[in-house]
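**Q** I'd like to go over a predicted model; first the sequence, then the structure.
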Amino acid sequence: MSLEILEGVKSIGGFEVAHLRPDPSTDPDPLKKFIRIHHRFHTISIQLQNGTIPDVGVNGVQVSTIINIARELLNGFNKIVHHDENDNAIECLNGALEALNRRLKDRILRNVEGTMKE
């Protein structure tokens, strides 16, 4: 049931989602997408960024995208049957995204974003 919630979702966190089904013609080039939903097997494949973007380019997603996937699922669950606990979890995920955004802004200000320097 979880992946049915993501049916029709075209992108998450700015990344296009590949919906893989038994009929391979549904997505002509799924390997170029870093989030792949395998509907037949009820799984999600997530390709993580490996290396810095300035050095290797975008070759996967960041942790923030994984948080966005979890938030998308919880929002979908709430549309079916609302639970206050889901709202609380979504609020916590939003807090996690805010913390990561603060870290990014700090790294930009210190001119170390896109490097392996702390």
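**A** On my side now, so go ahead.

**Q** Can you name every helix or strand that the strand of greatest length in the chain contacts?
**A** Ranked by number of residues, the top strand in the chain under DSSP state E is strand 15-20. Contact here means 3 or more Cβ pairs under 8 Å, 6 or more residues apart in numbering; DSSP states H and E; on that basis strand 15-20 packs against strand 35-38. Backbone N, C-alpha and C define where each C-beta goes, glycine included.

**Q** Run me through the strand neighbours of the strand it packs on, direction for each.
**A** Looking at strand 35-38 with DSSP bridges, its paired strands and their directions are strand 15-20 (parallel), strand 43-46 (antiparallel).

**Q** weakest of those strands in terms of mean pLDDT?
**A** Least confident of these, judged by mean pLDDT, is strand 15-20 with a mean of 90.

**Q** re earlier: looking at the strands paired with strand 35-38, which is closest to N59?
**A** strand 15-20 (11.6 Å; Cβ to Cβ).

**Q** low-confidence ranges in this protein?
**A** Within the chain, the stretches with pLDDT under 70 are 1, 23-31.

**Q** Kindly recompute the last result at 90.
**A** Applying pLDDT under 90 to the chain picks out residues 1-5, 7-8, 19-32, 38-42, 114-118.
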